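Undergrad: return a 3D structure for these sequence lines:
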Amino acid sequence: MSQSSCKFIRLLCVVWLASTAFTSVVHAQTTAPAAPAATMPGMPKTDMANGMMGSDGMKQSMTMGMDGMQKMQMTGDTDKDFAMMMKMHHQQAVDMAQMELEGGKSPAMKKMAKQIIAAQKKEIAMFDKWLAQAK
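TA: Numbering: from 1, shown residues only. Sure, this is the predicted structure:
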């Protein structure tokens, strides 16, 4: 992966993380009990019971996503590379939003997670359609 691609990916992640952190600070957490966590594939139930699904799970998901993008073989076609990397990036957002729905407490953050899932899935479908036509 080229150095400029790495910088672009890092910039996207920094912007996303900064906006997430800002939103988290703005919205206060409620004291309502969290709903029981659903089982995530590959994550033992004991880890979820100990809070691994929340912040640690999101960090692990983000790390795995960044690793996947860094290992992605670039085609040299900027449009295809953009579509493939953004699809991966959007899927990570869906995964993290799903973790918020399963383990978060704030109604505001859960609402945002639902909106993120809907929007990102639509964009993933658009990338898939474009990539299929670009073959």
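Undergrad: so what's the nearest residue to Glu123 once chain neighbours are set aside up against?
TA: Closest residue to Glu123 apart from its sequence neighbours, by Cβ to Cβ, 6 or more residues apart in numbering: His90 at 5.4 Å. Just so you know, the C-beta spots here come from the backbone N, C-alpha and C atoms, and that holds for glycine as well. By Cβ atoms under 8 Å, 6 or more residues apart in numbering, the residues touching His90 are 120, 123-124, 127.
Undergrad: ok, of those, which come out buried?
TA: Neighbour-count burial (16 or more other Cβ atoms under 10 Å) applied to the contacts of His90 gives 120, 124, 127.
Undergrad: quick one, what contacts the last one?
TA: The reference is to Phe127. 83-84, 86-87, 90.
Undergrad: likewise for the first one?
TA: The neighbourhood of Gln120, defined by Cβ under 8 Å, 6+ apart, consists of 90-91, 93-94, 97.
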